[in-house]
Every structure is written in structure tokens, then in C-alpha cells.
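Structure here, sequence nowhere to be found:
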């Protein structure tokens, strides 16, 4: 049986072949003098030295737990650059003591009760695709041990309400299975983050994931109709409603809670008809400022394109969508109800007003090339790390009036840190999402790494980027979540009184403070 990798994206045996990685090294050698002969070998389970489990579940729950080395290793890390580098170093010091696989909600309740009684930290685990330390069992010294709570058995589309166009879906359902089960009904959630293949509905909700739509319905929050959450104090079930003005939203308390308040087990989700009509084009701009102006007008036009992703000059070059001489705006409209010609025509008219030029029909459409690179991105990033490069991303959001100054400030801070610690490199930018009041810029960093110092190199670049983002008024994350990696900047971004209120909610729902300690707020037992 093919298993998921313990170190990188996808299943064992998937990803770039050795010859493809060598070809990639040759491509990069001219820019950064990459040694094409040295490719890091990924870790094997039998190479790892895992500490002995410090916990043993009660006999009544033993069938729901595993201490098997593969499972402990597979639940140690997410899929960030820092995770990959530590995996290649065979550093699994923070592996969970045990992994729980509750087979239903009742068993999940028992698992959390045992964790509370045993002073064991419980870390909810969906697809394990976190890139911000959200699933790592690094909880400090205040716990007797750590338990990774894998929700793979809580899966499937459980009920469909076609009249209201909604479905009740188990939180452990992976993206492809979710869409496959909705397809026969002519419906779709249409939430496709880059992690779609290996992320779950519960994970999307817990991290306020950003999905398919570049405008309007950008976050998973917009699709949540009702939630069911198991907390250490009991089960919270919200009422199905199309909308309500009855006080603060209960659902919104758990959207973005990142497993710190409880475990999301089910959700009623708003669905859409599967698109039957599509229209799209790629528009190029010589000047990035013109492209930004076009994106802003499109975001404010009320056209609501499904895709409105702007690739800066370097992003177009790195992704293979262009030669680096022009920025590219990838536009797309879709509908399950009507033709979209007038929408696209007006969008192109807006772009032309900002000196945008529609890409001529050619063998390779820039938008299609970028989408292919986007979908293959995790495998490509794994390969780049195996070559010893520092390769990672960060993303944010800012209002339009501040974007120009913000963008220049972030680029300057990152380039200075990159030159200082790596000696060279490139930082690219794209707009992942656009709103009437501002864009969500997404930056990618590629730089030569020094063997044994890659983490320190990235940490310095990440520090510079994060400090610039906060100082210039952006958010530390638009859709990657807070996790452990972003916590210190998140606590500077939100009002202190809100942090106190969040601590109060956690104390009420999780009195033993076992739920994902260290995410959002510092662990109270550290």
C-alpha cells in the first residue's frame, strides 16, 4: 500500500524524478552556481531515532491509537520549508508520543477526555499540509506528552439539501473526495487551495483557508452555514441559517481557531452549481503599476471574476508563464447559469484602459502555464529544497492606498536580508486575491543555501519580511494561518484586549489547556 511521505508532499514515489531534479539544477546553476551533483536524500523511517513514547492510552481506547514509528514520523511536521529542512536533517525530536485515529465522534470525545486527564497536548491533524507550524507537536515542557489526533475516519458527504444548496460534510474529508461525492448531484464547494489534494474541510475551516475564488468568496468562512465542534467541555452545534444578526457569530469564533478551542467534526457548507460556462484571457502589462491599477479597477467593478491573479515580472519568469519582461494578469469567469462574454469583454476593456494587452493565441497560454506550475508547486518546492536552496513563500493583505509604499518596503527588506544571508536570490510577487479595498500579495523567495545553515538563512529573511509587513500595516497572514510560526506577529497585529478575550474563551472551552498549545497564543503551561 502506498503511503504518504513522512517528509514532503504527496505519496511515496511521487514528485520529480532524479533526472528531473538534475535538469532543474542545471537550469538554476547559471544563476546561483548550484552543485547539480549533490541532491539531498529524503529520510527513511528506519533511519530515525524517535524517543520512546511517554504516554500509554487506556486499554479501552488502545484500538484507536498507534505508536508505530511511521505514524509518529508522518505526524511530526507540516509542509513548510523549515519542516522540510528538519526532515532532511533527520530531526524528529518533536514527534508525537502517540497518534489517535478516532473512528467516530464518541471516540473523539473519549480521546480528548483522556488527554485532559493525562495532561497530554492534543494536536488536531487533518491533511498535515500546514506551512506555519500548525500541526507540529512542539508544545513546551508543561505536558506529559503529545497526541496527534488524526481525523481521517471522520470523512464523507453525509447529507445533501438540494433545495437550500447545502451539504453536511465530515471534517476529515479530503478535497478530492469531497468534490467527487458532490459531483453526481451537480454541485461543488469550489474551494481549491493549492493544498487541495492533501487538506481537509476541517482544516480549511480551522485555518480560514483561501480557495478558488480570487474575488468575492475568497475564504472558506463564506461557505460555512453551521458547525459541529467537539471541545474538552462538550459539543457545540450551531443552527443552520442563511444568515443571522443574533449577537456575535458562533461559527466565526471557530473559523480560524486552528484547533485551540476544540476539534471541528462536521459542517453544513453552502454549495454552488457546477460551472457550465467559462470565459478567460491573459493580459500582459509592461509596467507593474499599470497592472496593479487594472486589478484594482476590476476588484471594484462588481464583475467578480473567479480568477484575477496578477503575476509580477519575476513571478511570470519563475513560473515559466513569461520571459520576465511583462507582468501578466490571469482572468477567468465562470457560471452555472449564464454565458459570460459581456463580463469578459468589460474586464478586457478595463485592462486596455491601463495599457494591458491580451495575449495572442499561441501554443502555450500564459495563464494555463501558470496554473500547471501552481498545481505542481509543492513537488517543485520539495525538489528545490533537495538541491539545497532556500525556497519559501509568505503572503499578506493591504489596502490599495498603501500598497505601493508597502510593496516597495517589503521588497527592500527581503532583498537586503536575502543578500546579507544568502549573497543572491530572487523575490517574486503575485496577487493571490483582490478585494475592492485592497490586494493580497503573495511573495516567493528563492536563494542559494549554505549547507547546515539553511534554517538560519530563512529565519533571517522571514524575520525581515514579517517585521516589514507589520510595520507597514499589513496582516501577518491572509490565508496561510497563524500557527506557531506567526504567533509573535499575530499578537502584535490584534488588540491586546482581544487576545485576553480569546484566552478567556479557551479557558472556558479547554480548561486543561490541552488543545494545540502554542498556536495563536502562548501555551499556558510552558
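On my side now, so go ahead. Note that this is a predicted model, so its numbers are computed, not measured. Numbers count the residues shown, from 1 in each chain.

The stretch 51-200 of the chain: strands as residue ranges?
With DSSP state E, counting those that start in this stretch applied, the stretch 51-200 of the chain shows strands at 65-66, 98-100, 120-125, 145-150, 157-161, 166-170, 187-188, listed in chain order.

measure residue 270 to residue 167 for me?
Plainly put, residue 270 is 9 Å away from residue 167 if you go by C-beta to C-beta, to the nearest Å. Just so you know, the C-beta spots here come from the backbone N, C-alpha and C atoms, and that holds for glycine as well.

more crowded one of the two?
For residue 270 versus residue 167, the count of surrounding residues by other C-beta atoms under 10 Å is larger for residue 167: 23 against 15.

Just the local confidence number for the residue lying farthest from the centre of the chain, please.
Most distant residue from the mean C-alpha position of the chain: residue 59, 36.5 Å away (C-alpha atoms, centre = their mean). According to the model's per-residue confidence, residue 59 sits at a pLDDT of 96.

With residue 114 as the reference, measure out to it.
As for residue 59, its distance to residue 114 is 11 Å (criterion: C-beta to C-beta).

same question, residue 486
Look at residue 486 and residue 114: by C-beta to C-beta, they are 30 Å apart.

ditto for residue 187
In this structure, residue 187 lies at 38 Å from residue 114, with C-beta to C-beta as the measure.

repeat for residue 136
With distances taken as C-beta to C-beta, residue 136 is found 21 Å from residue 114.

neighbour count winner among these two?
Remark: of residue 136 and residue 114, residue 136 carries more neighbours, 29 against 21, as counted by other C-beta under 10 Å.

which residue ranges form the helices in the stretch 351-500 of the chain?
For the stretch 351-500 of the chain, applying DSSP state H, counting those that start in this stretch gives helices covering 366-386, 400-422, 454-471, 487-493, 496-509.

can you redo those helices as JSON lines with mean pLDDT, mean neighbour count and distance to residue 336?
Formatted as JSON lines, the entries for these read as follows, by pLDDT from 0 to 100; neighbours: other C-beta atoms under 10 Å; distance: least, C-beta to C-beta, whole Å:
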{"stretch": "helix 366-386", "mean pLDDT": "81", "mean neighbour count": "19", "distance to residue 336": "21"}
{"stretch": "helix 400-422", "mean pLDDT": "98", "mean neighbour count": "18", "distance to residue 336": "31"}
{"stretch": "helix 454-471", "mean pLDDT": "98", "mean neighbour count": "19", "distance to residue 336": "37"}
{"stretch": "helix 487-493", "mean pLDDT": "98", "mean neighbour count": "17", "distance to residue 336": "37"}
{"stretch": "helix 496-509", "mean pLDDT": "97", "mean neighbour count": "13", "distance to residue 336": "38"}
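
Just put these in CSV and tack on distance to residue 255.
Output for the helices of the stretch 351-500 of the chain, formatted as CSV (distance: least, C-beta to C-beta, whole Å):
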stretch, distance to residue 255
helix 366-386, 24
helix 400-422, 25
helix 454-471, 22
helix 487-493, 15
helix 496-509, 13
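
quick one, which of the ones you listed is nearest to residue 51?
The closest of the helices of the stretch 351-500 of the chain to residue 51 is helix 454-471. By C-beta to C-beta, the value is 21.1 Å.

so that closest one versus helix 400-422, what angle?
Comparing the axes of helix 454-471 and helix 400-422 via axes from the mean of the first three to the mean of the last three C-alpha atoms, to 10 degrees yields an angle of 160 degrees.

Packing partners of helix 454-471?
helix 81-88, strand 389-395, helix 400-422, strand 438-448, helix 487-493 (3 or more C-beta pairs under 8 Å, 6 or more residues apart in numbering; DSSP states H and E).
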